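Student: Need coordinates for the below:
(chains A and B)
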There are 2 protein chains.
Amino acid sequence: MSYFDAASAAPLHPVARQALLASLDDGWADPARLYREGRKARMLLDAAREAAAEAVGCRADEVVFTSSGTRAVHTGVGGALAGRRRVGRHLIVSSVEHSSVLHSAEVFESDGGTVTQVAVDRAGAVDPAAYEAALREDTALAVLQSANHEVGTVQPVAEVAGVCRAAGVPLLVDAAQSLGWGPVEGDWSLLTGSAHKWGGPSGVGLLVVRKGVRFAVQGPADERESGRAAGFENIPAIVAAVASLRAVRAEAAQEAVRLRELTARIRTRVPQLVPDVEVVGDPERRVPGIVTFSCLYVDGEALLHELDREGFAVSSGSSCTSSTLTPSHVLKAMGVLSEGNVRVSLPPGTAEADVERFLEVLPGTVAGVREKLGAPAPAKAVPAEEAGEVVVDSLGRRCPIPVIELAKVFGGVPVGGTVRVLSDDEAARLDIPAWCEMRGQEYVGEEPAERGSAYVVRKVS
Amino acid sequence: MSYFDAASAAPLHPVARQALLASLDDGWADPARLYREGRKARMLLDAAREAAAEAVGCRADEVVFTSSGTRAVHTGVGGALAGRRRVGRHLIVSSVEHSSVLHSAEVFESDGGTVTQVAVDRAGAVDPAAYEAALREDTALAVLQSANHEVGTVQPVAEVAGVCRAAGVPLLVDAAQSLGWGPVEGDWSLLTGSAHKWGGPSGVGLLVVRKGVRFAVQGPADERESGRAAGFENIPAIVAAVASLRAVRAEAAQEAVRLRELTARIRTRVPQLVPDVEVVGDPERRVPGIVTFSCLYVDGEALLHELDREGFAVSSGSSCTSSTLTPSHVLKAMGVLSEGNVRVSLPPGTAEADVERFLEVLPGTVAGVREKLGAPAPAKAVPAEEAGEVVVDSLGRRCPIPVIELAKVFGGVPVGGTVRVLSDDEAARLDIPAWCEMRGQEYVGEEPAERGSAYVVRKVS
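Tutor: Coordinates of the predicted model:
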């Protein structure tokens, strides 16, 4: 099996496994106790905190171990907002943050706060000037990921931190996707991470709160972790998490070059091997292991199943693979195609041969899924005729059918003519404009219809 | 080393260790994913949930795995209160609950809720009639532990659940100290537990919410664990937790008899071996492994250090061992002596020889600590003389000095005479009345003084 979903969870690093085993014997007792077992546990915890601080580039007493990356984000965002409540109740996030950030923002909004979502470009990156423009007198906190979890695009964190610092606003950096590769640069105020993303065990998150940042923990009091992470410390897992962070960091520079070449290979060759594919995310400013592309006329769930049968574990931001029936908010914010979306995220150590085999298998797999769905043959040129309008009724049909139906009739539409696609699938709103962009056709716009919406496309060539 | 602090954290059960190792290989992936590794993880999680439900006596879809017992309590109390917000904002807890419950109650109170603390008797038990009397029209939730964590007293949970059920109020049972011994009886609505108390790994708590109980999760949304426990599931730890719960349950009946005999031996023999000791907690209705006693004229921290040097790990509810300088709220609520407090909590498998060695070592250890503190010799009878008042100035002196000073002068006080102890140590408020109770002397009361308080004691015999 080739596991290409490291951005969800990386397999346990051998060093993490060793450290976990060793500290199961010495780290199970209560580190607050005075007896020998308690002191041993406390020493392990203290040493782990020192090592984590060194890897992050902060002081040991700024490090809090939480029970997950999600919990670190919830605590960090909530605590920073509450700590600066007197300043104001305005929060800035990017539109492509992890759901843990966006859900924290929702809670803040429902509690009377105001949230500004900073837009991203088509590559998924924010513009520091847009953060600067979003800053207000009453801004309590800004949040930005170090790199995007779905497309790998690296954000200009140092620049945004500078802009925030100048305005006296703390910046929380969600470093979940990049912490294994290196420390986060720039003058940030809070930082979060998640151990199972870098090969550590599940159950450990990292929250760093720089000295001097106002912070007020929410929820019931608890004396553990300076009062910032309630519940008995999971010391064996913390020790394993930090040991594996050091281990992956030691290999990071070399492994980054290798994985970057492998993902670049996928970026270049997939569009050559598979027709009607859009590779998304920044081609240069990206983390080494992630590459994402979307395939027109493909049902994401079917594609994942077929790839799984071929021995590849990948994930997808297509609406047809999620329980919510809405496409990934990241792809939506970028304005790129979501149907047939595939995220390949290579764990360190991925063999070149596995990537080559993926590139061999992919074209046939995509073609097979398209054939089952009755996807149109690659587009053919059609001579210009009189203008007219064709209506495609895709009501009740799910992604990728509306785009398939559009493409099927499009060949027969004269230049200047329009197609009106009726659809009640949320994904169509994203995928029909994205199809136009890929095909060089004009997306006229969306109009309300009796049921769902009408998406109007004009043939320009 | 004899580890006698299982009520804080039990050493990892061998079965937990095996299960953890096995599932590190199969349970690290995201159980929400469609590929093979995800499905394997999901199967492990589903099987663990079924097994946990069987051990608790509930449905699998009522079980939520949290990151700790504390987190289970915070989520359970917060969610149940919010779910019944329309009914009212009144919460009932006992005065001897775990700090995670009491801190949840504090947050609720600071947010406008009302909390009734039900008192306990001198053995630490609540009266079901007191819960019944505390129930109001606007009571949203009642909370009661299955057994007390500091003195081992078992609470009348089934009776209290019946009283609550009759009033239509859900009861949350904190079963942290008893779940390894068996399911909680009675018609409770919510239940919490903590894996590292029964020999499972750190990082796993259990929250059970019965179908039909109104429950509204607080904090940012998250799709994991039916939306009730945010963050990536820690499946290897969950599998290990449930495997060890089954393992300790299989041995529970036999081990309960054995440990109950060992703790009964300590209950009986410590007062015979050590002068001026009070054994606290219910002698009969108690969990098998816990026995707690307090030694007059002893500094709890010094005693713990000496016992540690002798190879015994125990804990203490004395103020002198806590960072807050206040004695255990449990001992306070029971109205028993807190100074020189020792909790012995035996893990399953404790050898009889270790308990015997503890009984051998204890008298000399206590005597040594008393000698260093200049504790009074055992009380001698003094002939009646004229009544008078002696003033003892213990201002600025910490527990157990005020009681030692009181005892030193007391021998010279005539029957009918009084001693006025001036103290600014919080522990004196608890320990001077407790001393009177132990000595059969009259505690007249507390009076405000220029600094601290004056505690007045009358000699009656």
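
Student: these two touch, right, A:Leu190 and A:Gly78?
Tutor: No. With contact defined as Cβ atoms under 8 Å, A:Leu190 does not reach A:Gly78; the gap is 11.2 Å. The C-beta positions use only the backbone N, C-alpha and C, and glycine is treated the same way.

Student: Neighbour count for these two, which is higher?
Tutor: A:Leu190 (25 against 21; other Cβ atoms under 10 Å in any protein chain shown).

Student: quick one: secondary structure of the closest residue to the more buried one other than its chain neighbours?
Tutor: Counting by Cβ to Cβ, 6 or more residues apart in numbering or on different chains, A:Leu172 is the residue found nearest to A:Leu190 once chain neighbours are left out, at 4.0 Å. Here A:Leu172 takes the strand state, with states given by DSSP: H, G, I helix; E, B strand; the rest coil.

Student: hang on, isn't A:Leu172 packed against A:Leu207?
Tutor: No. Counting by Cβ under 8 Å, no contact exists between A:Leu172 and A:Leu207, whose distance comes to 9.3 Å.

Student: any residues in contact with both of the two?
Tutor: A:Gly76, A:Leu190, A:Leu191, A:Thr192 (Cβ atoms under 8 Å, 6 or more residues apart in numbering or on different chains).

Student: about what we covered before: quick one, which of A:Leu172 and A:Leu207 is more surrounded?
Tutor: Neighbours were counted for A:Leu172 and for A:Leu207 using other Cβ under 10 Å; A:Leu172 has more, 31 against 26.

Student: Tell me the pLDDT of the more buried one.
Tutor: pLDDT, A:Leu172: 98.

Student: Over to A:Gly411?
Tutor: What the model reports as pLDDT for A:Gly411 is 87.

Student: Could you do A:Ser319 as well?
Tutor: Per-residue pLDDT puts A:Ser319 at 68.

Student: so what strands line up beside the helix or strand hosting A:Val279?
Tutor: A:Val279 belongs to strand A:277-280 when elements are defined using DSSP states H and E. Here strand A:277-280 is paired, per DSSP bridges, with strand A:290-295 (antiparallel).

Student: Dump the C-alpha coordinates for the partner strand into CSV.
Tutor: Extracted in CSV, the C-alpha atoms of strand A:290-295 (Å, rounded to 0.1, in the frame of the first residue of the first chain):
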residue,chain,number,x,y,z
ILE,A,290,1.7,18.1,-1.1
VAL,A,291,0.3,18.3,-4.6
THR,A,292,-3.3,18.7,-5.5
PHE,A,293,-5.2,18.4,-8.8
SER,A,294,-8.8,18.2,-9.9
CYS,A,295,-10.2,16.1,-12.8
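
Student: Rounded mean pLDDT for it, please.
Tutor: Throughout strand A:290-295, pLDDT has a mean value of 96.

Student: ok, the residue most central in space within chain A to chain B distance?
Tutor: Central residue of chain A (Cα atoms, centre = their mean): A:His149, 2.3 Å from the mean position. Distance of A:His149 to chain B, computed by Cβ to the nearest Cβ, to the nearest Å: 12 Å.

Student: Could you check how far the helix or strand encompassing A:Val115 is from the centre of its chain?
Tutor: According to DSSP H and E, A:Val115 maps onto strand A:114-118. From the chain centre to the centre of strand A:114-118 is a distance of 18 Å (Cα atoms, centre = their mean, to the nearest Å).

Student: Now do it: which elements does it pack against?
Tutor: strand A:90-94, helix A:99-110, helix A:128-134 (3 or more Cβ pairs under 8 Å, 6 or more residues apart in numbering or on different chains; DSSP states H and E).

Student: Now do the longest one: everything it contacts.
Tutor: Looking back up the chat, that one is helix A:99-110. The contact list for helix A:99-110 (Cβ under 8 Å, 6+ apart) reads A:69-70, A:73-74, A:77-78, A:81, A:89, A:91, A:93, A:115, A:143, A:145, A:174, A:329, B:219-222, B:230.

Student: Drop anything exposed from the residues you listed.
Tutor: Buried by 16 or more other Cβ atoms under 10 Å in any protein chain shown: A:69-70, A:73-74, A:77-78, A:81, A:89, A:91, A:93, A:115, A:143, A:145, A:174, A:329, B:219-220, B:222, B:230, out of the contacts of helix A:99-110.

Student: Which ones among these lie within strands?
Tutor: Among the buried ones among the contacts of helix A:99-110, DSSP state E puts A:Leu91, A:Val93, A:Val115, A:Val143, A:Gln145, A:Asp174 in strands.

Student: which residue sits closest to A:Asp26, ignoring its sequence neighbours?
Tutor: The shortest distance from A:Asp26 to any non-neighbouring residue, by Cβ to Cβ, 6+ apart, is to A:Lys40 (4.9 Å).

Student: pretty sure A:Arg267 contacts A:Val280?
Tutor: No. Using Cβ under 8 Å, A:Arg267 is not in contact with A:Val280, being 9.9 Å away.

Student: what do these two both touch?
Tutor: Once Cβ under 8 Å, 6+ apart is applied, the residues that A:Arg267 and A:Val280 both contact turn out to be A:Phe293.

Student: So those two - more neighbours on which side?
Tutor: Shown here are A:Arg267 and A:Val280; by other Cβ under 10 Å, A:Val280 has more neighbours (28 against 18).

Student: A:Asp61 belongs to a helix?
Tutor: Yes. A:Asp61: assigned to a helix according to three-state DSSP.

Student: tell me the contacts of it?
Tutor: Taking Cβ under 8 Å, 6+ apart, we find A:Asp61 in contact with A:Lys211, A:Ser226.
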